[in-house]
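In: What would the 3D arrangement of this be:
(2 chains)
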Amino acid sequence: MQAVLSSDYSFAQFRFLERLLLVHGRWSYLRMCKFLRYFFYKNFTFTFVHFWYAFFCGFSAQTVYDEWFITLYNLVYTALPVLGMSLFDQDVNDTWSFQHPNLYVPGQLNQYFSKTAFFKCALHSVYSSVVLFFIPYAAMYDTVRDDGRDIADYQSFALLAQTCLVITVCIQLCLDMSYWTAVNQFFVWGSLAMYFVVTFSMYSNGTHINFPASFPFIGTARNSLNQPNVWLTILLTSILCVLPVVAYRFLLIQLRPTINDKVGTLTNHTGFCS
Amino acid sequence: MAPSYNAKEEDGHQPGATGHGGAGTMTNKKPDNTAFKQQRLPAWQPILTAGTVLPAFFVIGLIFIPIGFILIVYGLTLLIDYTGVDMSSPCYNCSQSYSWNNTQSCTCSVHFSLDQPFESNVFMYYGLSNFYQNHRRYVKSRDDSQLNGDKTSLQYHICTLNRCSKECEPYRSSDKPIAPCGAIANSLFNDTLELYYIDPNGSRTAIPLVKKGIAWWTDKHVKFRNPSGNNNLTVVFQGTSKPVNWRKPVFELDPLDSDNNGFINEDFIVWMRTAALPTFRKLYCIIQKKPNNMTPTLPRGEYILEVTYNYPVRSFDGRKRMILSTISWMGGKNPFLGIAYITVGSVCFCLGLVLLSIHYRYGKRNNSAEISS
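Out: Residues are numbered from 1 along each chain as shown, chains lettered A, B, ... in the order given. This is a model prediction of the structure:
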C-alpha cells in the first residue's frame, strides 16, 4: 500500500507492464518531444523576427507585431493546437506498438529531443524568421494600395507579419502532427478562425471609439486584408517556410528511413488507419 | 509477441477499497471503455509518401511561375530627389539656409521631363529616407484619445493632474497643452509641392492637385475627430498651443474647408499613420485623369516642380523625394513579388525533379517490408 502511494504508476498484474512501456510510455515520450520541439520553434520564430526588425527601426526595440497579438499569441492563437497534439498524437497505433517492440529504441537512445534536435529546431526558427521578416519587408518596401493610399505603414506591416506568422506556425503544426483526430482538427482550424475573429473585432470601430488609446489599430484589418498584394505575400511566405521542411523530411524517409517510417508505411499500405 | 490486449479483461477493482455500504455500491475505478479515453479516436494519419509530396512540389511550381509572370506589372514611376545635397542642385541654397525661426519661406524649382505620358489617375507622393518613423519612442509619442476628439486632454488643469497622455512627453504642453501633442505630430511634413507643365511654346500651366481622398476612410471618419462643441475650431482649441515646430496652429491647417481643418486635415492624418520602414512614401495629392479620356493626364514634355522648402532633413542625412506614379491592381511599382514567385516556383519545380530522381534511385530499395533492424 505504501509502495502504491509513493509511486508514479501502479498496476495489479505484470502483463500490464508491457502496455505501459511499449504503448503509453512510448507515446508519452513522443508527445513530449514533439511538443517541446514545436513550442521552441514557434516561440523562437516569433522572437527572432524582432531581431531582424531591429536593424530597420534604429535598434529601438520597437515590436513588429501589435501588442495585443503578442499577448494573445501564446494564450489563444497557438495554445490549443499544440495541446491537442501533445494529448492525442500517436505515430503507430497500439497493436503495431506491441508487434514491433524495437520502436521503443529511439526513446532509449534519446533521439527525439537532444542537443542536436534542439539545435536543429533553433536553426529552423532562424530560417523561418528570416523568411517571415524579409519577404513582407521586400513586398511592402515603398508600396502602396491599389487606390494609391498607404499600405507600408507600421500597422499594416504588423498585421501582415503577424498573419504570416500565425498561418506558418499552423502549417508547421499540421506537418508535425501524425494523428489527426476530430478534436485536433477543431483545435487547429478553430484557433486560426479565432485569430481572424479576434483581430477583426479588436480593429473595429466600436473598440476604438470606446478605448482609443488601447486599440489604436482601427481599420487596419479592413484596409490591408482586402489587397491582393497582402494575400499573395502571405501565401509566398508560408509556402517558402514550409517547403524546406517537407523536402528534408521526405529525403530522410527515402534515404534513411527509421523504424517508425517503415512501420508507418506498412500501416498505410495494409489500411490500418483506425 | 503479446496477445492483442482486450480491455475488458482488466482487473479494475482495488482489493482494499471501499466496502462501505455493502454490495452494489463498490466504486469501480476502471476508466471508461470509450474511444476518447482509450485513445482509439478515429483519425487520419497522413505520412509523407512520394505519391503526395512529389505532385505537391510540381503543382506548386506550376502554379507559382505563371502567378509570378502575371505579377510583374509595370506601372510608371518618376522619382525626383530635391534635398539639395549637391551644390549644383536647385534646392541647395534652401537646404543650407534653413532655420526654424525663418518667417520667409525658401522656394526652389526643379525642372524635369517626362518621356512617357502618364495615363489615368496619377498619384503624387513625397518620400523620405533615413527617417525612422518606426522608432519605438517616436511611435508611442501620440495621444489617440485627443485625436479622437476627447476634450479632457485639451484642458490645462486636467493635463497638470497628469490625466492626459504621458506618452507625448516632452511635447505634451508648453505653457498650455499642445494640440496635437507628441513627436509624431510635431514633425509634420510641411513642404509644399506644386507642379507646372511647360507648353512647347513656353507658357506654364499649373496642374490641378486634389488634396482630398488621400487618407484611409476609417482614419478620416472614425479615428480622427475634431473636438465637438462648436463649428468654429478657433474657439474649440482655445487654451491650447500649437506644436513647437509648427508655423500655424492646428485650426489653421485649411481654414477654407471645414472638412479638412483641425485634426481631420488629410495631410496630417496621412503623416500620423507612421511608416514601418526608414524609407517610405506618403500620398501628397492626386492628379485626376482628364474627363474626356483622350488626353493623357500628364503628357510627355517638360515640367517644373516648385518646392516651398520648409522641412529640414540634412541634419540627420535624410533625403526628400517627390514621386509621381500610376497605380495598378497590385499597387505601385514593386516587381519583388513577381520575381519572388517565379524564383520560388522554379526552385520548387527543380526540387521536385531532384526528389523524384532520388526516390527512384534510393527509395524503392528501402520500401521492402523488413523492419527487423
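In: Residue A:164: which element?
Out: helix A:154-176 (DSSP states H and E).
In: do that helix and chain B meet at all?
Out: Yes - legend: contact between helix A:154-176 and chain B by CB under 8 Å from any CB of the partner chain is shown at A:154-158. Every C-beta, even on glycine, is put in place using the N, C-alpha and C of the backbone.
In: What is the nearest of these to chain B?
Out: Distance ranking of the residues of helix A:154-176 next to chain B against chain B, using CB to the nearest CB, places residue A:157 first at 3.6 Å.
In: hang on, the earlier thing: most neighbours out of the residues of helix A:154-176 next to chain B, which is it?
Out: residue A:156 (27 neighbours; other CB atoms under 10 Å in any protein chain shown).
In: which residues touch it?
Out: By CB atoms under 8 Å, 6 or more residues apart in numbering or on different chains, the contact list for residue A:156 reads A:140, A:150, A:220, A:223-224, A:230, B:276.
In: swap the cut-off to 10 Å and go again
Out: Applying CB atoms under 10 Å, 6 or more residues apart in numbering or on different chains to residue A:156 gives the contacts A:136, A:140, A:143, A:145, A:150, A:217, A:219-221, A:223-225, A:227, A:230, B:216, B:273, B:276.
In: Which members of the residues you listed are positioned in helices?
Out: Per DSSP state H, helices hold the following members of these: A:136, A:140, A:220-221, A:223-224, A:230.
In: Can I get the residues you listed in JSON lines including distance to chain B?
Out: Below are the ones in helices among the contacts of residue A:156 laid out as JSON lines (distance: CB to the nearest CB, whole Å):
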{"residue": "A:136", "distance to chain B": "9"}
{"residue": "A:140", "distance to chain B": "7"}
{"residue": "A:220", "distance to chain B": "8"}
{"residue": "A:221", "distance to chain B": "10"}
{"residue": "A:223", "distance to chain B": "5"}
{"residue": "A:224", "distance to chain B": "10"}
{"residue": "A:230", "distance to chain B": "10"}
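In: Out of the residues you listed, the closest to residue B:82 would be?
Out: residue A:140 (24.6 Å; CB to CB).
In: Name the residue of the stretch 151-274 of chain A with the shortest distance to chain B.
Out: Closest point on the stretch 151-274 of chain A to chain B, by CB to the nearest CB, is residue A:219, at 2.8 Å.
In: Neighbours of that residue, how many?
Out: 22.
In: Disregarding residues adjacent in the polypeptide, which is nearest to it?
Out: Distance criterion CB to CB, 6 or more residues apart in numbering or on different chains; nearest residue to residue A:219, sequence neighbours excluded, is residue B:218 at 2.8 Å.
In: I figured that neighbour was touching residue A:216, is that so?
Out: No - using CB atoms under 10 Å, residue B:218 is not in contact with residue A:216, being 11.7 Å away.
In: joint contacts of these two?
Out: What both residue B:218 and residue A:216 touch, as defined by CB under 10 Å, 6+ apart, is the set A:203, A:208.
In: Report pLDDT for residue 82.
Out: Reading this off chain A. Predicted confidence (pLDDT) for residue A:82: 94.
In: Chain B, not that one
Out: 93.
In: same check, this time on the one 3 residues further on
Out: The model reports residue B:85 with a pLDDT of 88.
In: cool, the one 3 residues further on as well?
Out: Looking at residue B:88, its pLDDT reads 89.
In: Over to it. Which of the three states is it?
Out: Three-state assignment for residue B:88 (DSSP: H, G, I helix; E, B strand; the rest coil): coil.
In: Could you do residue B:79 as well?
Out: Per three-state DSSP, residue B:79 ends up strand.
In: Could you check how far the closest residue to chain A within the stretch 151-300 of chain B is from residue A:222?
Out: Closest to chain A within the stretch 151-300 of chain B is residue B:218: 2.8 Å, counting by CB to the nearest CB. Look at residue B:218 and residue A:222: by CB to CB, to the nearest Å, they are 7 Å apart.
In: Name the residues contacting each of these two.
Out: In contact with both residue B:218 and residue A:222: A:203-205, using CB under 10 Å, 6+ apart.
In: which among the residues you listed end up buried?
Out: Buried subset of the shared contacts of residue B:218 and residue A:222 (neighbour count, 16 or more other CB atoms under 10 Å in any protein chain shown): A:203-204.
In: restrict the shared contacts of residue B:218 and residue A:222 to those near chain B?
Out: Filtering the shared contacts of residue B:218 and residue A:222 for neighbours of chain B using CB under 10 Å from any CB of the partner chain leaves A:203-205.
In: Near residue B:175, how many residues? Count them for me, please.
Out: Residue B:175: 7 surrounding residues under other CB under 10 Å.
In: just to revisit the earlier point, quick one: which of the ones next to chain B among the shared contacts of residue B:218 and residue A:222 sit in helices?
Out: Reading helices off these with DSSP H, I get residue A:205.
In: the strands in the stretch 51-200 of chain B, which residues?
Out: B:77-81, B:106-114, B:122-129, B:192-198 (DSSP state E, counting those that start in this stretch).
In: again with the stretch 201-350 of chain B
Out: Applying DSSP E, counting those that start in this stretch to the stretch 201-350 of chain B gives strands spanning B:204-206, B:280-287, B:301-309, B:319-326.
In: Could I get those in TSV, plus columns for distance to chain A?
Out: Listed next are the strands of the stretch 201-350 of chain B as TSV, based on distance: least, CB to the nearest CB, whole Å:
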stretch	distance to chain A
strand B:204-206	21
strand B:280-287	6
strand B:301-309	19
strand B:319-326	8
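In: can you tell which of those strands is closest to residue B:66?
Out: Nearest of those (CB to CB): strand B:319-326, 24.0 Å.
In: so how far is that closest one off the chain centroid?
Out: On the basis of CA atoms, centre = their mean, to the nearest Å, strand B:319-326 sits 17 Å off its chain's mean C-alpha point.
In: just to revisit the earlier point, export the residues of helix A:154-176 next to chain B to a markdown table and tack on distance to residue B:194 and pLDDT?
Out: Converted to a markdown table, the residues of helix A:154-176 next to chain B look like this (distance: CB to CB, whole Å; pLDDT from 0 to 100):
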| residue | distance to residue B:194 | pLDDT |
| --- | --- | --- |
| A:154 | 30 | 96 |
| A:155 | 31 | 96 |
| A:156 | 30 | 96 |
| A:157 | 31 | 96 |
| A:158 | 35 | 96 |
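In: follow-up on the earlier one: with neighbour numbers in mind, choose between residue B:218 and residue A:222.
Out: residue B:218 (19 against 15).
In: List the contacts of that one.
Out: When contacts are counted by CB under 10 Å, 6+ apart, residue B:218 touches A:203-205, A:208, A:218-223, B:224.
In: Could I get the buried residue list for stretch A:179-188?
Out: A:179-181, A:183-185, A:187-188.
In: Which ones among those lie within strands?
Out: A:180-181 (DSSP state E).
In: which of the buried residues of stretch A:179-188 come close to chain B?
Out: A:179-181, A:183-185.
In: rewinding a little: so what's the residue of the stretch 151-274 of chain A closest to chain B up against?
Out: By CB under 10 Å, 6+ apart, the contact set of residue A:219 is A:155-156, A:203-205, A:208, B:216-223, B:273.
In: between these, which is closest to residue A:19?
Out: residue A:203 (51.0 Å).
In: how far away is the closest one from residue A:233?
Out: 19 Å.
In: dump the residue contacts of residue B:220.
Out: With CB under 10 Å, 6+ apart, residue B:220 has these contacts: A:219, B:212-214, B:259-260, B:264-266, B:269-270.
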